[in-house]
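Q: please work out how this folds:
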Amino acid sequence: MRRIHRTRRDWVTDVALFLFAACFAAVSSQSIPVPETLDPVWRDVDQVVGGLGCAATLLRRRWPVPLAVVLLVAGTWAHYLTGPAMVAVFTVAATRPWRVTAWVAALAFAPLPVFLWQVAELSGERTGSALTYFALIAGAIGWGLFRRSRQQLIASLRERAELAEADAELRAEWARRETREEIAREMHDVLGHRLSLLSVHAGALEFNPGAPREEIARAAGVIRESAHLALRDLREVIGILRAGPDEGERPQPELADLARLVAEARATGGRIELTGPPDGRIPPPVVGRTAYRIVQEALTNARKHAPGAAVAVAVSGSPDGRLTVEVRNAPPPGSASVRGLGEGGDGSAGGKRSNGGGQGLIGLAERARLAGGELTAGPADGGFLVHAWLPWSTTGIASPAYRSSAGGKGE
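A: Numbers count the residues shown, from 1 in each chain. Down below sits the predicted model:
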């Protein structure tokens, strides 16, 4: 037998309905038209049945439909079951499906056609009593249906609130993931370039300890300067991450800063040729910043995978077309070819294998895609070629959120 667990509130409700049925039977006992010819014994039995019917309302949660059927059928000859029958049909209407409620209602009003057929032959007292009975049963069913609809509405609103809360949690998780990706991308862009310069010269010192004193001093100076700039950039990024949204933003590079980037790489001994960018024609900051990051990452990868190789950087475009970025490196000295960056490769001067081969290219391709462009990379003429095009206008950007993920919110 299924056990019904009742809370304190359930017990209070059940006892209240039991008292309602009992009080209704007691109050209406004087107005119920009991035939005078009824034997006193049967009158006492009728009252006992009424009391048992009131007590049976405590079973309404376990067997609501059978209880309603028994009370309605017994009420055709017993005179004190109107109160318990009202409680029973109310419970069915409030807790059971529409079809079950309809069948119980049909049973409750089954005597109505017979009553209407014989209404002319009945006394006024019996007619009034019957009409009151049917009205009370109809009211109990209507109240139960109202309560059921209200419970369904509350459950629907609660479900919507839970769904909205779950959706808010998903959105918050998505925002946190986007923030983590933005932080990782910014840290990679800021530190990868500096640390690659430091790695090249540290490797040169390690494998060429007999170099002239001037070269050692110059390499040590570059290492010190690169480490200083890396720490400065790291402090700037961490400062922006700690700051609130209105406390300032880290200055972001643009296309005009390519000359400075190439000059830094040349100062470390890199053989880099820069063509462009177009004079007097400045693309939107988001596009220029994306192009800068592509060149920065390509130069970093060239130092890692093809140390000492000549690198050619070409930037071209016009406002009515595209901005094209091309970075090509020749094979490193003493090597016939160089593997693609996406396949990994030898590290800087020490020749050790780099970790995370290809992740930089994945990030570059994602940057270009978010900017509405495309990036391709692969071996070319024994070296390696990174080619990207970007829409000159920011209307080609795939997502408004890209303004932040491209490296800042400087516009």
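
Q: state the distance from Ala302 to Arg328.
A: Distance, Ala302 to Arg328, using CB to CB, to the nearest Å: 9 Å. Placement of C-beta: from N, CA and C, glycine included.

Q: the more surrounded of these two?
A: A count of neighbours by other CB atoms under 10 Å puts Ala302 above the other of Ala302 and Arg328, at 29 against 20.

Q: quick check: that one vs Pro84, distance?
A: Ala302 is 91 Å from Pro84, by CB to CB.

Q: kindly report the same for Val45.
A: Counting by CB to CB - Val45 and Pro84 are separated by 16 Å.

Q: related to what we said a few turns ago, pull up the overlap in contacts between Ala302 and Arg328.
A: Common contact partners of Ala302 and Arg328 (CB atoms under 8 Å, 6 or more residues apart in numbering): Val311, Phe384.

Q: between Val45 and Pro84, who's got more neighbours?
A: Pro84 (34 against 13).

Q: which residues of this structure fall in helices?
A: 8-28, 40-56, 64-74, 82-95, 98-108, 111-118, 124-207, 213-242, 258-267, 285-305, 359-370, 402-405 (DSSP state H).

Q: what is the fourth one packed up against?
A: Helix 82-95 is packed against helix 8-28, helix 40-56, helix 64-74, helix 98-108, helix 124-207, with contacts defined by 3 or more CB pairs under 8 Å, 6 or more residues apart in numbering; DSSP states H and E.

Q: what does the fifth one give?
A: In terms of contacts (3+ CB pairs under 8 Å, 6+ apart), helix 98-108 is packed against helix 64-74, helix 82-95, helix 124-207.

Q: how about the second one?
A: Packing partners of helix 40-56 (3+ CB pairs under 8 Å, 6+ apart): helix 8-28, helix 64-74, helix 82-95.

Q: how about the closest residue to Leu191 other than its chain neighbours, what does it touch?
A: Excluding the flanking residues, the one nearest Leu191 by CB to CB, 6 or more residues apart in numbering is Ala230, at 5.7 Å. Contacts here follow CB under 8 Å, 6+ apart; on that basis Ala230 touches Val190, Leu191, Arg194, Leu195, Leu198.

Q: what residues are up against the last one?
A: Contact criterion CB under 8 Å, 6+ apart gives Val222, Ile223, Ser226, Ala227, Ala230 as the residues in contact with Leu198.

Q: skipping adjacent residues, who's closest to it in space?
A: Closest to Leu198 by CB to CB, 6+ apart is Ser226, at 4.3 Å.

Q: sorry, back to before: would CSV of the helices and strands packed on helix 40-56 with mean pLDDT be doable?
A: Listed next are the helices and strands packed on helix 40-56 as CSV, based on pLDDT from 0 to 100:
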stretch, mean pLDDT
helix 8-28, 83
helix 64-74, 88
helix 82-95, 88
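
Q: reformat these as TSV; add distance to Glu173.
A: Shown next, in TSV, are those (distance: least, CB to CB, whole Å):
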stretch	distance to Glu173
helix 8-28	37
helix 64-74	44
helix 82-95	39
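
Q: how about those, which one is nearest Arg271?
A: helix 8-28 (83.2 Å; CB to CB).

Q: which of the residues in the closest one are buried?
A: Asp14, Leu17, Phe18, Phe20, Ala21, Ala22, Phe24, Ala25, Ser28 (16 or more other CB atoms under 10 Å).

Q: out of those residues, which comes closest to Phe134?
A: Using CB to CB, those come closest to Phe134 at Ser28, 14.7 Å.

Q: could you measure from the closest one over to Leu81?
A: From Ser28 to Leu81 the distance is 11 Å (CB to CB).

Q: what does Gln151 give?
A: From Gln151 to Leu81 the distance is 27 Å (CB to CB).

Q: and for Ala302?
A: In terms of CB to CB, Ala302 sits 95 Å off from Leu81.

Q: likewise for Ala74?
A: Distance from Ala74 to Leu81, by CB to CB: 6 Å.

Q: which one's more surrounded, these two?
A: Shown here are Ala74 and Leu81; by other CB under 10 Å, Leu81 has more neighbours (26 against 17).

Q: would you mind measuring from that one to Ala105?
A: Separation of Leu81 from Ala105 (CB to CB): 17 Å.

Q: again with Ala211
A: Ala211 is 102 Å from Ala105, by CB to CB.

Q: and Gly288, by the same measure?
A: In terms of CB to CB, Gly288 sits 75 Å off from Ala105.

Q: again, but for Arg150
A: For Arg150, the distance to Ala105 - CB to CB - is 19 Å.

Q: then Pro278?
A: Distance, Pro278 to Ala105, using CB to CB: 83 Å.

Q: also Asp44?
A: 32 Å.

Q: in the stretch 301-411 of the chain, which ranges drop under the pLDDT threshold?
A: Applying pLDDT under 70 to the stretch 301-411 of the chain flags the ranges 334-360, 394-411.

Q: count of neighbours near Leu58?
A: 16.

Q: er, Tyr80 I mean
A: 25.

Q: cool, and the one 10 residues further on?
A: Counted by other CB under 10 Å, the residues lying close to Phe90 total 24.

Q: test my guess that it contacts Trp143.
A: Yes - with contacts defined as CB atoms under 8 Å, Phe90 counts as touching Trp143 at a distance of 6.0 Å.

Q: from Arg150, how far out is His305?
A: 70 Å.

Q: ok, the two, which is more surrounded?
A: Neighbour tally, His305 and Arg150, criterion other CB under 10 Å: the higher count belongs to His305, 24 against 11.

Q: surely the more buried one meets Phe384?
A: Yes - counting by CB under 8 Å, His305 does reach Phe384; the two are 7.3 Å apart.

Q: spell out which residues are contacts of both of Ala74 and Leu81.
A: In contact with both Ala74 and Leu81: Val49, Gly53, using CB under 8 Å, 6+ apart.

Q: please enumerate the strands of the stretch 301-411 of the chain.
A: Remark: strands assigned in the stretch 301-411 of the chain by DSSP state E, counting those that start in this stretch are 311-317, 322-329, 374-380, 383-391.

Q: Ala135: which of those strands is closest?
A: strand 383-391 (75.4 Å).

Q: go through the closest one and flag the buried ones.
A: By neighbour count on 16+ other CB under 10 Å, the buried set for strand 383-391 is Gly383, Phe384, Leu385, Val386, His387, Ala388, Trp389, Leu390, Pro391.
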